[in-house]
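> Show me how the following folds:
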Amino acid sequence: MMTGGLSETKPATPEVQHIANEVKAQFESKANRTCGIFNAIVYRTQVVAGINYFIKVQLSDAVYVHLKVFQSLPHENQRLSLAGFQTGKTRDDPLTYF
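Purely as a prediction, here's the structure:
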């Protein structure tokens, strides 16, 4: 994968679910909603000055969101941050850059 380009879409791993869980409260605050279900389904990564994770998250049977989560470089010792999100997604919507 080249710097700046998106990786291929991969099934979510326990690590990606952990990343989604870490930003769940940020999402709930920004989206003004509470989520009982917050299951990471698939993800892509983008190498920048850190890593952007694009994660498709299931909120209910038919409701999905796409998250953009920034992970800084290890020496910066920063928390994961929710850099953006897209609502109104379905299971079949492709995970693309935003």
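> Give me the phi and psi angles of the residue of the chain most remote from its centre.
Most distant residue from the mean C-alpha position of the chain: residue 75, 21.8 Å away (C-alpha atoms, centre = their mean). The phi/psi pair for residue 75 (degrees, to the nearest 10) reads phi -70, psi -10.
> Against residue 49, how distant is it?
Separation of residue 75 from residue 49 (C-beta to C-beta, to the nearest Å) stands at 11 Å. (Glycine included, C-beta is placed from N, CA and C.)
> Could you report the separation of the residue farthest from the centre of the chain from residue 82?
Taken as C-beta to C-beta, the span from residue 75 to residue 82 is 22 Å.
> now residue 34
16 Å.
> Compare these two (neighbour count), which wins?
Between residue 34 and residue 82, counted using other C-beta atoms under 10 Å, the more crowded position is residue 82 (20 against 7).
> which strand residues sit across from the more buried one in the sheet?
residue 69 (DSSP bridges).
> close enough to count as contact, it and residue 71?
No. Between residue 82 and residue 71 there is no contact under C-beta atoms under 8 Å: 11.3 Å.
> ok, now how distant is residue 78 from residue 91?
The value you get for residue 78 to residue 91, if C-beta to C-beta is used, is 32 Å.
> tell me the contacts of residue 26?
By C-beta atoms under 8 Å, 6 or more residues apart in numbering, the contact set of residue 26 is 81, 82.
> in a helix, that's where it is, yeah?
Yes. Using DSSP: H, G, I helix; E, B strand; the rest coil, the assignment for residue 26 is a helix.
> how far away is it from residue 56?
Counting by C-beta to C-beta, the gap from residue 26 to residue 56 is 17 Å.
> What of residue 20?
10 Å.
> now do residue 33
17 Å.
> okay, the two: which has more neighbours?
The neighbour count for residue 33 versus residue 56, taken as other C-beta under 10 Å, is higher for residue 56 (24 against 11).
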